[in-house]
Every structure is written in structure tokens, then in C-alpha cells.
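Peer 1: Build me a model:
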Amino acid sequence: MTVVLSIVVFLHIVGAAMIVGPWIANMKNPTVGARQFDGAMTQLVTGIILVGLITVLSKQADSGIEPLTANTYVKLTFKFIIAIVVGALAFVGNRRRKAGETVAPGLAHAVGGLGLLNIAIATIWP
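Peer 2: Residues are numbered from 1 along each chain as shown. Below you'll find the model as predicted:
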């Protein structure tokens, strides 16, 4: 089961790269790419799966996985809300780009910046 956890963590990180990578690559001409929306959905789905897996694995004596604490649930709530916002903004930006409309730089920077914020929360928040 820990192999499954590792695979889901890997996919979660790939989702983050799909959001932040295109944002950094297009910093001079900001837009929202299709892969950013896909990355946002990957992050959202794998994040929910991770919480479930950690909850289940923490109840197994030999897994070595610590149970989630109240502080962790607060952190995960912030991350979940940001992930929903990133997904919604990426969806709007992607639809505008597909329709041939101009994507506002602020929208593109919000997708990438909030994606980066979510990574910071995951790694810096204890």
C-alpha cells in the first residue's frame, strides 16, 4: 500500500509542475495553458486520494505512517481551497485561450502564483 502512496505523491508533484512550469516559462507573455488546468485537476484529485490513503495507512500498525493532526487538517483545508481556486481560474483562462480571447496577465499570474503558494504551504508549513 505504501507503493501506491508513493505513486500518488509522484503524480501530485507532477500536477504541481504542470501548473508552475508553464507559468514560469511564459512569464514574459503570460497566458493559461491547457496543461495548467490538467495539472490543477491532477493536484486536486491526487490530494484527496492522499488524505484518504494516509488516513487508512496510519491505522495500520506496521505502515510507519503518522496519523493526521488537527494542524495538518487546517493546512490541508487551506491547500484544498487554493486548489479549487487554481482549478477554477485555470478553467476560465483555458476557455478564453481556446476561444481566441486574450487571457489577462493577472489571471495567468494568479494561476501560477497560487500554484506556487500551494507548494510553499506544503513544504514550509510544519
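
Peer 1: what residue is smack in the middle of this structure?
Peer 2: Q43 (3.6 Å; CA atoms, centre = their mean).

Peer 1: Tell me who's in contact with that residue.
Peer 2: By CB atoms under 8 Å, 6 or more residues apart in numbering, the contact list for Q43 reads H12, G15, A16, I19, A83, V86, G115, N118. C-beta here means a position set from N, CA and C on the backbone, and glycine is covered the same way.

Peer 1: Contacts only, for the last one.
Peer 2: Read it as N118. Here N118 is in contact with A16, Q43, K79, I82, A83, V86 (CB under 8 Å, 6+ apart).

Peer 1: can we see that at 7 Å?
Peer 2: The neighbourhood of N118, defined by CB atoms under 7 Å, 6 or more residues apart in numbering, consists of K79, I82, A83.

Peer 1: which of the residues in the helix or strand where it lies are buried?
Peer 2: Under the criterion of DSSP states H and E, N118 resides in helix 105-124. The neighbour-count check on helix 105-124 (16 or more other CB atoms under 10 Å) flags L107, A108, A110, V111, G112, L114, G115, L116, N118, I119 as buried.

Peer 1: Then stretch 38-51?
Peer 2: G39, A40, M41, T42, Q43, L44, T46, G47, I49, L50, V51.

Peer 1: Determine the set of other helices and strands touching the longest helix along the chain.
Peer 2: With secondary structure taken from DSSP state H, the chain has its longest helix at helix 70-98. Under the contact criterion of 3 or more CB pairs under 7 Å, 6 or more residues apart in numbering; DSSP states H and E, helix 70-98 touches helix 34-58, helix 105-124.
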